[in-house]
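S.K.: predicted model, plus sequence, below.
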Amino acid sequence: MPAKQFSAEDESHLDAFIDPAAQLDKLAPDPIRKPRARSGGGATVASGPSMPADFFARYDGKAIDDQAIEEAAEALGCEAAAVKAVAEVESRGGGFDASQRPKILFERHVFARCTDPTGKFDGQFPDVSGWRKPYAPGTYGNGGKQYERLAQALTLDRAAALKAPSWGMFQILGENHRACGFETVEAYVAAMTVSEVEQLKAFVSFIRGDARLSVAIRKKDWPAFARNYNGAQFAKFQYDTKMAAAYRKHAAASA
């Protein structure tokens with residue numbers, strides 16, 4: 001998951017928050033459950049804020065195919081298998097969940113640093129804002145929980161809320177919208193809700209805008225790529241070895 005450069009103080013706390021191996025499990029599709037009735041016989045009502053009704057209205061269901069991957073790889077000067085490897089490690093290769101929502105991970109430390117002042121909501125809303133303590137084991141939640149947190153954050157500070165999650169197939173933070181070719185985070189997130197094709201375009205822009213990433217993906221230098229895409233903790237969580245293994249698998253399949 002690419003992120004902005006962190007301060008030394010931020011870096012000292014990241015290890016407690018970011019375990020990419022666990023994050024992949026959090027991205028698994030939520031089970032589909034039938035609505036349960038309340039004791040009064042009515043439909044179940046969510047206990048907190050819900051996502052805006054039109055938030056996902058732009059979805060067109062257009063999935064990327066091999067041609068789109070080949071075109072992206074050509075634009076980056078790398079192999080198609082390398083693009084597939086990044087997608088597999090970041091999101092298991094799919095940009096949307098079973099409810100046609102972009103896969104997200106809501107990062108409350110990002111929300112906290114994007115509010116003004118920093119950490120404005122840490123005390124009152126610790127479930128969506130804060131970076132000095134990790135979530136207790138078993139409380140991070142599944143994909144549905146990520147959207148519950150996003151919905152709550154949207155009621156507090158919309159811009160910071162949209163910057164806080166990593167979005168879609170390549171899990172790029174909303175905070176990095178300009179690096180993906182979007183002037184505003186609103187425009188970036190709107191594109192991420194449309195299709196995997198739009199998510200792939202954002203990834204291409206993100207990589208082309210960073211010389212280190214561009215060189216690393218062309219050379220299949222996975223330690224260098226992971227260091228600059230996933231941050232200083234990449235080796236501990238084996239991002240580089242996972243991408244290398246995924247690349248070998250996809251390269252072999254296309255041989």
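M.R.: Cool, got the structure.

S.K.: pull out the buried residues from stretch 206-220.
M.R.: By neighbour count with 16 or more other C-beta atoms under 10 Å, stretch 206-220 contains the buried residues 206-207, 213-214, 216-218, 220. Quick note: C-beta positions are derived from backbone N, CA and C, even for glycine.

S.K.: measure that stretch end to end?
M.R.: 17 Å (C-alpha to C-alpha, to the nearest Å).

S.K.: and residue 56, which of the three is it?
M.R.: Under DSSP: H, G, I helix; E, B strand; the rest coil, the three-state class of residue 56 is coil.

S.K.: output the below-cut-off pLDDT ranges for this structure.
M.R.: 1-47, 137 (pLDDT under 70).

S.K.: at 50 what do you get?
M.R.: 3-21, 24, 26-46 (pLDDT under 50).

S.K.: that one: strands as residue ranges?
M.R.: 104-106, 165-167, 172-173 (DSSP state E).

S.K.: got these as TSV, with distance to residue 81 columns?
M.R.: Converted to TSV, the strands of the chain look like this (distance: least, C-beta to C-beta, whole Å):
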stretch	distance to residue 81
strand 104-106	25
strand 165-167	23
strand 172-173	20
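
S.K.: export the ones you listed as TSV, with columns for mean neighbour count.
M.R.: Shown next, in TSV, are the strands of the chain (neighbours: other C-beta atoms under 10 Å):
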stretch	mean neighbour count
strand 104-106	24
strand 165-167	27
strand 172-173	26
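
S.K.: those strands: which one's closest to residue 62?
M.R.: The minimum distance between residue 62 and these falls on strand 165-167, with 16.3 Å, by C-beta to C-beta.

S.K.: for the closest one, packing partners?
M.R.: On a contact count with 3 or more C-beta pairs under 8 Å, 6 or more residues apart in numbering; DSSP states H and E, strand 165-167 meets strand 104-106, strand 172-173, helix 185-192.

S.K.: what's the closest of the ones you listed to residue 237?
M.R.: strand 104-106 (13.8 Å).

S.K.: still on that earlier bit, please convert the buried residues of stretch 206-220 to CSV, extending it with distance to residue 181.
M.R.: Output for these, formatted as CSV (distance: C-beta to C-beta, whole Å):
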residue, distance to residue 181
206, 8
207, 11
213, 15
214, 15
216, 20
217, 17
218, 20
220, 25
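
S.K.: give me the subset of those that lies in helices.
M.R.: Secondary structure assignment by DSSP state H places 206-207, 213-214, 216-218 of those in helices.

S.K.: closest one to residue 243 among the helices and strands packed on strand 165-167?
M.R.: Nearest of those (C-beta to C-beta): strand 172-173, 15.5 Å.

S.K.: that older thread, residue 79: which of the helices and strands packed on strand 165-167 is closest?
M.R.: strand 172-173 (20.6 Å).

S.K.: and that closest one, how far out from the chain middle?
M.R.: Centre-to-centre, strand 172-173 and its host chain are 5 Å apart (C-alpha atoms, centre = their mean, to the nearest Å).

S.K.: so what strands line up beside that strand?
M.R.: Looking at strand 172-173 with DSSP bridges, its partner strands are strand 165-167 (antiparallel).

S.K.: all helices of this protein, in order?
M.R.: 8-17, 20-26, 66-76, 80-91, 108-114, 143-156, 158-163, 185-192, 196-208, 211-219, 222-230, 239-254.

S.K.: I'd like those as CSV, with distance to residue 173 appended.
M.R.: Shown next, in CSV, are the helices of the chain (distance: least, C-beta to C-beta, whole Å):
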stretch, distance to residue 173
helix 8-17, 13
helix 20-26, 13
helix 66-76, 20
helix 80-91, 12
helix 108-114, 6
helix 143-156, 13
helix 158-163, 7
helix 185-192, 10
helix 196-208, 10
helix 211-219, 15
helix 222-230, 11
helix 239-254, 16
